[in-house]
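1. the following comprises the amino acid sequence and a computationally predicted model.
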Amino acid sequence: MQFPIYLDYNATTPCDPQVVEAMLPYFTTQFGNAASRQHALGWQAEEAVDYARQQVAALIGADPTEIVFTSGATESNNLALKGVAEMYAAKGNHLITCVTEHKAVLDACKHLEKQGASVTYLPVNSEGLIDLQQLEAAITPATILIAIMYANNETGVIQPVQAIGRIAKKHNVIFFSDATQAVGKIPVQVISDEIDLMSFSAHKLYGPKGVGALYIRRKNPRVRLTAQIDGGGHERGMRSGTLNVPGIVGLGKAAELCRLTLEHERIRMAHLRDQLENALLQLKGVQVNGNRQHRLPQVSNLAFAQVEGNALMLGFNKQIAVATGSACTSASMEPSFVLKALGLQDEMARSSLRFSLGRFTTEEEITYTIEKVTETVQSLRALNPFVG
Ligand SMILES: *Cc1c(COP(=O)(O)O)cnc(C)c1O
């Protein structure tokens with residue numbers, strides 16, 4: 001076993017060795033610019049990008065022409081939100097999102113508010129789910145976009161995406177979903193899920209960092225966006241800039257590997273996750289944060305009453321890499337806004353750990369983690385005179 005045991009796959013994943021292998025030629029011998037139309041190096045690069053576009057589209061049931069490559073999900077989220085707000089400004093200026101979205105969505109919404117947009121931030125219930133009636137009631141004639149994530153990065157909770165898509169369609173509103181945590185982990189299909197715009201990122205699905213994609217529906221309805229980066233008109237004018245060919249090839253290969261292993265992996269993940277979770281729930285004062293049924297198979301977010309997440313991390317002695325209840329605002333010690341939105345008190349949020357498993361997680365690692373966490377929780381509680 002190698003230490004630390006990595007259980008932070010929701011933060012980032014290692015590149016699959018097959019992904020690295022696929023990328024390598026595009027750094028050296030096949031270094032062409034995909035926009036060079038005059039010679040073979042350019043054509044080869046363009047061909048590689050086209051192939052990756054097919055691989056990515058196949059994973060989510062899209063047409064290759066509906067995929068725009070970006071630098072990652074942060075950029076895709078910004079392009080979706082700002083691009084729609086700008087393009088449909090004449091129709092209206094109201095957006096609907098949710099309080100547990102990723103910062104890349106929330107901060108882009110704040111930016112739009114400063115420019116005069118009005119944004120409804122839907123609450124979530126104690127299990128992290130939005131209320132569909134509340135969503136529908138929030139729609140006004142000025143609503144141009146509903147932005148609800150597919151699955152939450154901290155809790156793994158999956159929103160009722162299909163139902164949201166149907167409501168959006170009924171009211172003629174565009175539905176955008178940040179599916180960065182869901183794509184490659186569970187079956188995500190843009191047609192049956194009725195999604196119009198969708199973000200995802202290579203480094204969350206065993207591809208390289210700094211590359212991602214935005215799915216943009218081309219029919220029923222045809223979604224239009226105002227580009228946020230102007231230049232040479234790459235990506236059908238929606239995202240200028242010389243294409244990151246090695247990165248895009250890596251995303252394509254990563255998408256293909258996910259498509260081929262998804263069914264097997266999601267069962268393996270759920271099995272290992274449940275093993276970990278059920279063992280840790282044997283301890284007193286442990287609770288699962290978020291809905292347990294509508295949840296990604298690889299995530300378990302647990303609160304350990306009366307034990308600080310940071311004390312647990314110290315107790316693990318650098319042997320286990322997980323995220324604490326201050327994840328994603330980790331520069332500060334603020335308790336997670338996602339957990340607080342579920343109604344957790346600051347203390348319980350700070351007592352929470354997010355375990356996220358992945359492709360290279362083994363049964364042996366889970367067994368070791370169960371022992372180490374159990375032992376650490378028990379010894380910390382033995383030090384605390386207020387816990388029985
Ligand atoms: C990781 C993540 C992002 C940001 O993706 P980058 O590619 O790192 O910019 C956005 N949304 C969610 C839900 C994420 O988990």
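-> Done, it's in.

2. tell me the pLDDT at the closest residue to the ligand within the chain?
-> Closest to the ligand within the chain is G72: 2.7 Å, counting by C-beta to the nearest ligand atom. All C-beta atoms are positioned from the backbone trio N, CA, C, and that covers glycine. Listed pLDDT for G72 reads 98.

3. OK, contacts around the nearest residue to G247 once chain neighbours are set aside?
-> In space, and not counting its chain neighbours, G247 is closest to V211: 3.5 Å by C-beta to C-beta, 6 or more residues apart in numbering. By C-beta atoms under 8 Å, 6 or more residues apart in numbering, V211 lies in contact with 69-72, 201-203, 244, 247-248, 250-251.

4. residue contacts, the residue of the chain closest to the ligand?
-> With C-beta under 8 Å, 6+ apart, G72 has these contacts: 201-203, 209-212.

5. ok, it to G212 distance?
-> 4 Å (C-beta to C-beta, to the nearest Å).

6. overlap in contacts, these two.
-> Contact with both G72 and G212 is made by residues 201-202, according to C-beta under 8 Å, 6+ apart.

7. can you give me the helices for this protein?
-> With DSSP state H as the criterion, the chain has helices at 17-23, 40-60, 73-87, 103-114, 132-138, 161-170, 245-280, 309-315, 337-341, 346-350, 363-383.

8. JSON lines for those helices, including mean neighbour count?
-> Formatted as JSON lines, the helices of the chain follow (neighbours: other C-beta atoms under 10 Å):
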{"stretch": "helix 17-23", "mean neighbour count": "17"}
{"stretch": "helix 40-60", "mean neighbour count": "19"}
{"stretch": "helix 73-87", "mean neighbour count": "24"}
{"stretch": "helix 103-114", "mean neighbour count": "18"}
{"stretch": "helix 132-138", "mean neighbour count": "14"}
{"stretch": "helix 161-170", "mean neighbour count": "18"}
{"stretch": "helix 245-280", "mean neighbour count": "20"}
{"stretch": "helix 309-315", "mean neighbour count": "18"}
{"stretch": "helix 337-341", "mean neighbour count": "22"}
{"stretch": "helix 346-350", "mean neighbour count": "19"}
{"stretch": "helix 363-383", "mean neighbour count": "16"}
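
9. I146 is nearest to which of these?
-> helix 161-170 (5.0 Å; C-beta to C-beta).

10. that closest one: how far from the chain's middle?
-> Centroid separation for helix 161-170 versus its chain: 20 Å, with C-alpha atoms, centre = their mean, to the nearest Å.

11. next: stretch 56-63.
-> For stretch 56-63, the distance to the chain centre is 17 Å (C-alpha atoms, centre = their mean).

12. how about the residues of the stretch 1-150 of the chain near the ligand?
-> Taking C-beta under 6 Å from any ligand atom as the test, the list of the stretch 1-150 of the chain residues beside the ligand reads 72-74, 102, 104, 149.

13. report the two of these separated the most.
-> Across these (C-beta to C-beta), the longest gap, 15.2 Å, separates G72 and M149.

14. okay, now the domains of the protein?
-> 5-12+262-383, 17-256 (automatic domain parsing).

15. by mean pLDDT, show me the worst of those domains.
-> domain 5-12+262-383 has the lowest average pLDDT among these, namely a mean of 94.

16. distance of the spatially closest residue to Q378 that is not a sequence neighbour relative to V299?
-> Excluding the flanking residues, the one nearest Q378 by C-beta to C-beta, 6+ apart is L283, at 7.5 Å. Counting by C-beta to C-beta, the separation of L283 from V299 is 19 Å.

17. equivalent analysis for Q306, please.
-> 23 Å.

18. same question for T361.
-> For T361, the distance to V299 - C-beta to C-beta - is 12 Å.

19. higher neighbour count, the two?
-> Between T361 and V299, V299 has the larger neighbour count (other C-beta atoms under 10 Å), namely 27 against 22.

20. just checking, L281 touches S300?
-> No - L281 is not in contact with S300 according to C-beta atoms under 8 Å; the separation is 9.6 Å.

21. neighbour count winner among the two?
-> Neighbours around L281 and S300, counted as other C-beta under 10 Å, are more numerous at S300. The numbers are 28 against 13.

22. if I look at that one, how far off is A137?
-> S300 sits at a distance of 33 Å from A137 (criterion: C-beta to C-beta).

23. which bits of the stretch 151-300 of the chain sit near the ligand?
-> Within the stretch 151-300 of the chain, the positions near the ligand by C-beta under 6 Å from any ligand atom are 153, 178, 180-181, 201, 204, 212.

24. so which of those residues belong to strands?
-> 178, 201, 212 (DSSP state E).

25. which ones are touching the last one?
-> Listed by C-beta under 8 Å, 6+ apart, the contact set of G212 reads 69-76, 180, 199-202, 251.

26. my read is that S118 contacts A142, right?
-> Yes - with contacts defined as C-beta under 8 Å, S118 counts as touching A142 at a distance of 7.5 Å.

27. which neighbours do the two share?
-> 93-94.

28. now the end-to-end length of stretch 233-243.
-> End-to-end distance of stretch 233-243 (C-alpha to C-alpha, to the nearest Å): 11 Å.

29. what sits up against that stretch?
-> 33-35, 45, 49, 65, 68-70, 75, 79, 83, 214, 216, 225, 227-232.
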